[in-house]
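Chemist: following is a predicted model, sequence given first.
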Amino acid sequence: MASHGKKYLEAREKVDRENLYQPMEAVKLLKDIGFANFDETVEVHLRTGLDPRQADQQVRDVVSLPNGLGKSVTIVVFAQGDAADAAKAAGADYVVDNEEMVNKIQGGWTDFDVAIATPDMMGTVGRLGRVLGPRGLMPNPKAGTVVQPDNMAEAINEAKAGRIEFRLDKTANIHVPIGKLSFTAEQLHENLVAFVQAVRHARPPGASGNFIRRVTVASSMSPGIKIDPNAEEMTL
């Protein structure tokens, strides 16, 4: 079992691990117990009652966080010709339109947060599945990252503004960042509620019984704080 430092243990003492906190109460407590000397990322860990082995119990969708993520988002776009020009004009950090860039990614380069592609480039993207897939970077129509050239600017702007993809993992959990600890409690609360509501709206057809079983919020260095999954603002 990993040992924790004094500051972590002091922070943990302030958290009632048997209590289910209300969302605003939880983010205020999270800000209160922060102790790192850097701006920690705030993450939400959501436990579902789904069976990830079942095709009708998958969750994969996107949500635009009202207050963004508090970090610059690096975007790669797979496009050619006019679409590549549109991507550059819209603020793409890298455009993959030649074999040199393809080979770079094939060699393991993934210093970006979002990958967007035009439909005609999906054959090229498919060759990179072994690199992009495990890192959650594979462009996908449902996630809004396979787009027509006319919609390129909108897709890039949404990604830069804080649109995140969430998906069920093999252990029936969903993990996402929702901002930075330097955000106000109100900003974190708004992002938290937007995310949980989006998961509820993405409830798959095969879900039964208690869909969202546990919601925990934590920062990079902090202990987790359990939130009441049935809090009123998160069930609307």
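Modeler: Perfect, thanks for sending it. Owing to the predicted nature of the structure, the values given are computational and were not obtained by experimental measurement.

Chemist: now do the strands in the chain.
Modeler: 41-48, 60-64, 75-78, 94-96, 114-117, 163-167, 173-180, 212-219, 225-227 (DSSP state E).

Chemist: could you list every helix and strand that the second one packs against?
Modeler: Packing partners of strand 60-64 (3 or more CB pairs under 8 Å, 6 or more residues apart in numbering; DSSP states H and E): strand 163-167, helix 185-201. Where you see a C-beta, it was placed from the backbone N, CA and C, and this is true even at glycine.

Chemist: just the angle between it and helix 185-201, please?
Modeler: 150 degrees (axes from the mean of the first three to the mean of the last three CA atoms, to 10 degrees).

Chemist: partners of strand 60-64, with directions?
Modeler: In the sheet, strand 60-64 lines up against strand 163-167 (antiparallel) (DSSP bridges).

Chemist: for residue 206, see how far away residue 196 is.
Modeler: Distance of residue 196 to residue 206, given as CB to CB, to the nearest Å: 20 Å.

Chemist: name the residues linked to the spatially most central residue of the chain by a beta bridge.
Modeler: Centroid-nearest residue in the chain: residue 176, 3.8 Å away (criterion: CA atoms, centre = their mean). Beta-bridge partners recorded for residue 176 (DSSP bridges): residue 44.

Chemist: what's the answer for residue 212, then?
Modeler: Listed beta-bridge partners, residue 212: residue 48 (assigned using DSSP bridges).

Chemist: surely it touches residue 196?
Modeler: Yes: Residue 212 is within contact range of residue 196, at 7.2 Å (criterion: CB atoms under 8 Å).

Chemist: the two: which is more packed in?
Modeler: Using other CB atoms under 10 Å, the more surrounded residue of residue 212 and residue 196 is residue 196, with 25 against 20.

Chemist: now do the nearest residue to the more buried one once chain neighbours are set aside, the pLDDT please.
Modeler: Of all residues not flanking residue 196 in the chain, residue 234 sits nearest, at 4.3 Å (CB to CB, 6 or more residues apart in numbering). Looking at residue 234, its pLDDT is 89.

Chemist: follow-up on the earlier one: please identify which of the helices and strands packed on strand 60-64 is closest to residue 19.
Modeler: Residue 19 sits nearest to helix 185-201 of all the helices and strands packed on strand 60-64, at 16.9 Å, using CB to CB.

Chemist: buried set for that closest one?
Modeler: Neighbour counts using 16 or more other CB atoms under 10 Å place 185, 187-196, 198-199 of helix 185-201 among the buried residues.
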